[in-house]
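**Student:** Generate coordinates for the sequence data below:
(2 chains, ligands or ions: 2)
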There are 2 protein chains.
Amino acid sequence: MTTDRTSPATGGYVQPELDVRGLTEVLDGEYAEVRDLVRANLVTYASVLDEAEELDIDAYRERVRELVVEMAATGQTGMGFPKRYGGGGDVGASIAAFETLAFGDLSVLVKVGVQFGLFGGAILHLGTERHHDAYLPGLITGELMGCFAMTETGHGSNVQALGTVARYDVDAQEFVITTEGDQARKDYIGNAARHGELAVVFAQLEVGGESRGVHAFVVPIRVDGEAAPGVHIEDDGRKMGLNGVDNGRLRFDGVRVDREALLNRFADVTPEGVYESTIDNPNRRFFTMLGTLVQGRVSVGGAGVGAAKVALAIATKYALRRRQFAAGPQGEEQLLLDYGLHQRRLLPLIARTYALHFAQDVVRTQLHGVFSDLEDDAQARRLLEARAAGTKALATWHATQAIQECREACGGAGYLAVNRFAALKADSDIFTTFEGDNHVLLQLVAKGLLTDYASEFEDLDQLGMVRYVTNLAVETVIEKTSAHKLLERVRDLLPGGDEWDREAGLLDSEYQLAMVRYREEHMLAGVARRLKSGIDRKRDPGAVFSEVQDHVIAVARAHMERLVLEAFVEKMRTLPEGGNKVALGLLCDLYALSTIEADRAWFMEHGRLTVQRSKAITREVNDLCRKIRPLAGGLVDAWGIPDAMLRAPDLVGEA
Amino acid sequence: MTTDRTSPATGGYVQPELDVRGLTEVLDGEYAEVRDLVRANLVTYASVLDEAEELDIDAYRERVRELVVEMAATGQTGMGFPKRYGGGGDVGASIAAFETLAFGDLSVLVKVGVQFGLFGGAILHLGTERHHDAYLPGLITGELMGCFAMTETGHGSNVQALGTVARYDVDAQEFVITTEGDQARKDYIGNAARHGELAVVFAQLEVGGESRGVHAFVVPIRVDGEAAPGVHIEDDGRKMGLNGVDNGRLRFDGVRVDREALLNRFADVTPEGVYESTIDNPNRRFFTMLGTLVQGRVSVGGAGVGAAKVALAIATKYALRRRQFAAGPQGEEQLLLDYGLHQRRLLPLIARTYALHFAQDVVRTQLHGVFSDLEDDAQARRLLEARAAGTKALATWHATQAIQECREACGGAGYLAVNRFAALKADSDIFTTFEGDNHVLLQLVAKGLLTDYASEFEDLDQLGMVRYVTNLAVETVIEKTSAHKLLERVRDLLPGGDEWDREAGLLDSEYQLAMVRYREEHMLAGVARRLKSGIDRKRDPGAVFSEVQDHVIAVARAHMERLVLEAFVEKMRTLPEGGNKVALGLLCDLYALSTIEADRAWFMEHGRLTVQRSKAITREVNDLCRKIRPLAGGLVDAWGIPDAMLRAPDLVGEA
Ligand SMILES: Cc1cc2nc3c(=O)[nH]c(=O)nc-3n(C[C@H](O)[C@H](O)[C@H](O)COP(=O)(O)OP(=O)(O)OC[C@H]3O[C@@H](n4cnc5c(N)ncnc54)[C@H](O)[C@@H]3O)c2cc1C
Ligand SMILES: Cc1cc2nc3c(=O)[nH]c(=O)nc-3n(C[C@H](O)[C@H](O)[C@H](O)COP(=O)(O)OP(=O)(O)OC[C@H]3O[C@@H](n4cnc5c(N)ncnc54)[C@H](O)[C@@H]3O)c2cc1C
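**Tutor:** Numbers count the residues shown, from 1 in each chain, chains lettered A, B, ... in the order given. Ligands and ions are numbered 1, 2, ... in the order given. Next comes the predicted model:
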């Protein structure tokens, strides 16, 4: 990471000594204690990995419920709630716990997420003291199980358009909740099929015949194990994975709840039927409410990183034991990890996992800041929301990709359920979809960039956004991102002046950063320009947006990859000199260069990479893989995954 | 596909009329009849898709066995066996049947593959009349179930190194089969855990103390449902998918079989213990034996295409019903397939599926030719083997990728087991590994290319190959593929002369072909040169090979993509003018250009793509997506997947 490090093909290079325990400390950071608590719990309840296979679906669901309650008793799951209700009063710790829990059975993880993150989070952040007093103590112990009922069959990503209605009946001083039409039934709702007694139901609030947009209500859905009157519950049945979680469908047939059931932190209805809100603009109100739920996204992103670690630890350990084919006629068969191909398959994924780990640290810290009122302004919240959305998308796609590659790298053994891939793959598959579909999230990220975090942002639907961009933001964006300005800014940072992109060392982190920054800003300007020119030519804004949409996604990705690299580089700067720093430096270079390599066509197309340099990057990536090869075992050990979670004795060897 | 077709952004372009039934006829080709038989069987037994979920693993295995026997009775599964034993005498038809069967439950498919393809195929191709008479009639009806026991715990890809030993006992005139050490137990063997009575066991033959390499023996493993004496059977247990197939492990503890149990088509042992073979060279013998089993790879490749079709049909139909988000503030919500991003996600995959379908047609035809003795020379066999290996790799990776993308494109609904993705994803996951791990197969393809199909090929292990390449082949390869020669060859074909790569139309198929041909040959020369220079510098050949390995894989991919494109273009040439030809032309262009686009960095790095042209290709791909959008429904309907196989009424709508 230092600017003077060169890449000697031979000689000069000294392999760093890895201090695995020290590296674990770096990774665990300030939350080592809670992480170790979770590790211990995982080991205590390790049998659930077998039970997941052996039990029928009903028994498995019960077992998972049991475990969630038992883990709750250790304090692990309640870290994010106020102490006065029995919580730990530390949001960051609650995320760190969740990240670590992802080493184990993912049904347990997701049920914890539903109960404490979604249901508990909605009560905490959308409700007020009356709701906190009534529900938090019970839900923190897991005694009171609840649902977060937002998604409907007809509307997942587009939450604002959901169809459930809550009409205020002024005479009874009650809300009447009704599922209007088949598409408005709540669907995929965790805890609904079996264990939930309450549900936080998102519905279109109607007061005095006027629609006020989506609001949340606490609705009892089950009494003594039976569906509450007017509530119809269906089981979503078997799923690809996560079968320890009881997802279900809910219909409301004129279900009446008290006026105080409205989670009224941001808006309320007086007994007389007057609607009141501290936020006038309905769109802003909606996004503010939603914004308080950002914790769920941060959690799932972290879980994605954790799941990827498990897969990579198994595949790496296997590749350090498994031999197949001899390099020479008499020779012993060769370890898989000594094949250049196998290094290429696994090591960049390990580097990316480290990068995402540190990027996740940043989001978690921001979340902690915002939700501990350390840094709670609108700007900080907006930055957090965008970053959480983007990190969630990158981390969960990474999990899907890494798990797949690792299964294949373990050959036939990877396919047996006794090893971990079957469950890992099936359970984590939905991470890319729930808590916000990744493609939809990246569009959100891009919109934020395009409108330059202007405060008008939340008012803008797709069409509005396009208009807005053409009228206002484009000039700024284009101005701000003009190639000229960009180059000026990097020129001073790097050796080589105007020729920085040809002269700087590939292993200079300033060069790597300049590259990904340049890409992001250039792409951003391009998208803005395209939108503007479409509108200027009076074309249909929907069609214009549709055509530009893959650029929109590309810019969001580029933005996130820049943030991830910055997080890694920043982390490096804080480390003391030594073997671990050198090793992480290799990983950071590998992440940076393999990221640039993957998009080298773009860099060439935009004049920032010569053909020679592009090829040199590929060579450097290979060279880094060779250097990291001897460190691979230690690098995956440092994640501190309990042996019992790796399972798979025939893959990783007996502990 | 015609060279004069231009790409008018507006005007001039007339959307082709699709004749879906006619397109199905094109796709079904000469095997329409057997494909329709399989379609009818799939509908008759459609309930297995539910049973796969509902039954416990034992009952599911029994049900799958039942179905296999019932389907066998319709003649569908025995197409590849000689008529005199009750088969259909048509190898091509047997593959076509298998491809179609992949629309349904994949446990049924794989059990059919194990029984008739692997077990039956080994008896047919490695055995002689005595084995045919004894086993074929029973196995064709499914009454006699058998295993193909090649893989061991310690050796999957490297079959030549397996550890089971078969010693000839000249006094008893018997072979004694022994599992030597834990790593030599047979593993993952289909039909072993439950239904197999016989196994074709691959073992190192020892005669008179001399090792003769791997040979195959018919070994009874189960008598009246109990393990035969000396045979130890273990169940592999639950797997990620394919749980209707009973995979297991086999150990042989000095199991004695008659001398005639040796499948003796290529080698035999006389009663007196003299080893005889028509093929002197042991390596050549081994590869000849293995080569007769190529049908399994052709089958799995075809199944990959079939599985991808199911996923794409569901996701496309969903995208034509599902609306999410409005394009404008008052507007109706927009269909998913009208989003540019969604088009980009699905339509290139549809194009690639068509391309692989036609490429699979070519392999199937070659297989039919070779195994019907229409064209049975060593050269034809070798071409077939390489092509089968490469097509299997591309088609099964495509299946994994397409199924994943389609699940994500269906959002939360895609995750419910009642829809098809859960089973489709879990069951097909192993396609990339069994019948030859894809990475290992691509190395095989590349070795074939490097040694220019020289007959010495089969003798060469990795080290030998490296030496060989350096001594012999490199000059030829480099000579043959010199940039100069290459350019000469394309210059005459394309307008623009020396400037062909700048002047030709992007939609000119000659241009597209020239690009992928150039890439292949250039990469090939590069790999050869690298190997040679490593050896010239007296470096360790294993290390040299390891370093070049990702180029080796790249050249194999490039080779296969060229063959796939050629297959598509050739097919186009045979079609009558009309809407279907125009539509397939769009798909062919989309396949070609999105393939080039994906590797445009390479083309720029090697001077075959200017920056402007590279960007133009991306624009053209988007444009093609927009043109294909209105045809998408018809294009997936033409695959003729029975509605019952799509299941998923909430995704695709009621039939
Ligand atoms: C196991 C599981 C647990 C869940 N738990 C809960 C829960 O407890 N509570 C709850 O409320 N919900 C829950 N959900 C629902 C989940 O949050 C939704 O499935 C998710 O938000 C996606 O919505 P959708 O399924 O309607 O997909 P859609 O929104 O219909 O998206 C389908 C596809 O269309 C694409 N798409 C959508 N809009 C656009 C656009 N504008 N441009 C381009 N492409 C677009 C998406 O990328 C996606 O690929 C759960 C789901 C599952 C499967
Ligand atoms: C469900 C199922 C059914 C099966 N059915 C049968 C059956 O009926 N009969 C039977 O005989 N077998 C069967 N198999 C076994 C199957 O064919 C093997 O699993 C497969 O051949 C791979 O072998 P392996 O598992 O030993 O992986 P390995 O060969 O150990 O490969 C592991 C990994 O190492 C990589 N690798 C290997 N060599 C190299 C190299 N030289 N360079 C770079 N990378 C390398 C591979 O790419 C792979 O990713 C089945 C397997 C499964 C899971």
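**Student:** quick one: the residue of the stretch 301-450 of chain A found nearest ligand 1 and ligand 2, what's the gap?
**Tutor:** For the stretch 301-450 of chain A, the residue closest to ligand 1 is residue A:439, as judged by CB to the nearest ligand atom, at 3.6 Å. For every residue, glycine as well, the C-beta is placed using N, CA and C. Distance of residue A:439 to ligand 2, computed by CB to the nearest ligand atom, to the nearest Å: 29 Å.
**Student:** Over to residue A:280?
**Tutor:** Distance from residue A:280 to ligand 2, by CB to the nearest ligand atom: 59 Å.
**Student:** Give the helix, strand or coil label for that residue.
**Tutor:** Under the three-state scheme (DSSP: H, G, I helix; E, B strand; the rest coil), residue A:280 adopts coil.
**Student:** Look at it and report its pLDDT.
**Tutor:** Listed pLDDT for residue A:280 reads 94.
**Student:** Now do stretch A:106-121, average pLDDT.
**Tutor:** Rounded mean pLDDT across stretch A:106-121 is 98.
**Student:** tell me what the longest helix seen in chain A is packed against?
**Tutor:** In chain A, taking DSSP state H as the definition, the longest helix is helix A:541-574. Under the contact criterion of 3 or more CB pairs under 8 Å, 6 or more residues apart in numbering or on different chains; DSSP states H and E, helix A:541-574 touches helix A:340-371, helix A:378-409, helix A:438-450, helix A:462-468, helix A:509-536, helix A:579-598, helix B:340-371, helix B:611-628.
**Student:** how far is it from where the chain is centred?
**Tutor:** In terms of CA atoms, centre = their mean, to the nearest Å, the centre of helix A:541-574 is found 15 Å from the chain centre.
**Student:** Among the helices and strands packed on helix A:541-574, show the one with the smallest mean pLDDT.
**Tutor:** The stretch with the lowest mean pLDDT among these is helix A:462-468, at a mean of 56.
**Student:** any idea of the angle the longest helix of chain A forms with helix A:340-371?
**Tutor:** Computed with axes from the mean of the first three to the mean of the last three CA atoms, to 10 degrees, the direction of helix A:541-574 lies at 90 degrees from that of helix A:340-371.
**Student:** got the angle for helix A:541-574 vs helix A:378-409?
**Tutor:** Angle of helix A:541-574 versus helix A:378-409, following the same axes, to 10 degrees, is 80 degrees.
**Student:** Helix A:541-574 - what's its average pLDDT?
**Tutor:** Average pLDDT, helix A:541-574: 93.
**Student:** And stretch A:177-190, by the same measure?
**Tutor:** 97.
**Student:** Same check on stretch A:323-338?
**Tutor:** Averaged over stretch A:323-338, pLDDT sits at 85.
**Student:** Would you map out the domains in chain A?
**Tutor:** If you go by automatic domain parsing, the domain ranges for chain A are A:20-141, A:146-283, A:295-637.
**Student:** Next, count neighbours for the residue of the stretch 301-450 of chain A closest to ligand 1.
**Tutor:** Using other CB atoms under 10 Å in any protein chain shown, residue A:439 has 23 neighbouring residues.
**Student:** show me what contacts it?
**Tutor:** A:393, A:553, B:341, B:408 (CB atoms under 8 Å, 6 or more residues apart in numbering or on different chains).
**Student:** I'd like the distance between the nearest residue to the second one once chain neighbours are set aside and residue B:422.
**Tutor:** So that's residue A:553. In space, and not counting its chain neighbours, residue A:553 is closest to residue A:442: 5.0 Å by CB to CB, 6 or more residues apart in numbering or on different chains. Separation of residue A:442 from residue B:422 (CB to CB, to the nearest Å) stands at 26 Å.
**Student:** between these two, who's got more neighbours?
**Tutor:** Remark: of residue A:442 and residue B:422, residue A:442 carries more neighbours, 26 against 23, as counted by other CB under 10 Å.
**Student:** That one against residue A:557, yeah?
**Tutor:** Yes - look at residue A:442 against residue A:557 with CB atoms under 8 Å: they come within range, at 6.5 Å.
**Student:** and residue A:321, what helix or strand is that in?
**Tutor:** Residue A:321 is located outside every helix and strand, with elements delineated by DSSP states H and E.
**Student:** The helix or strand hosting residue A:288 vs ligand 1: in contact?
**Tutor:** In this structure, residue A:288 sits in helix A:282-291 according to DSSP H and E. No - using CB under 6 Å from any ligand atom, helix A:282-291 stays clear of ligand 1, with a minimum separation of 11.7 Å.
**Student:** end-to-end on stretch A:425-438?
**Tutor:** 17 Å (CA to CA, to the nearest Å).
**Student:** Where do the strands of the stretch 151-300 of chain A begin and end?
**Tutor:** A:165-169, A:174-178, A:186-189, A:198-207, A:210-220, A:222-223, A:226-227, A:231-235, A:248-258, A:267-269, A:275-277 (DSSP state E, counting those that start in this stretch).
**Student:** re earlier: in the longest helix of chain A, what's buried?
**Tutor:** Neighbour counts over helix A:541-574 (16 or more other CB atoms under 10 Å in any protein chain shown) mark A:541-542, A:544-569, A:571-572 as buried.
**Student:** Output the set of residues of chain A in proximity to ligand 1.
**Tutor:** Residues of chain A lying near ligand 1 (CB under 6 Å from any ligand atom): A:114, A:118, A:148-151, A:156-157, A:188-190, A:239, A:242, A:247, A:430, A:433-434, A:437, A:439-440.
**Student:** Residue A:81 versus residue A:137, what's the distance?
**Tutor:** On the measure of CB to CB, residue A:137 and residue A:81 end up 9 Å apart.
**Student:** More neighbours: which of these two?
**Tutor:** More neighbours surround residue A:81 than the other of residue A:137 and residue A:81, with 25 against 16 (other CB under 10 Å).
**Student:** The more buried one contacts residue A:120, doesn't it?
**Tutor:** Yes - using CB under 8 Å, residue A:81 is in contact with residue A:120, at 6.7 Å.
**Student:** shared neighbours of these two, anything?
**Tutor:** Shared contacts of residue A:81 and residue A:120, defined by CB under 8 Å, 6+ apart, comprise A:136, A:140.
**Student:** before we move on, back to that, looking at the contacts of residue A:439, which is nearest residue B:30?
**Tutor:** residue B:408 (36.4 Å; CB to CB).
**Student:** ok, residue A:567 - contacts?
**Tutor:** For residue A:567, the contact set (CB under 8 Å, 6+ apart) comprises A:355, A:358-359, A:361-362.
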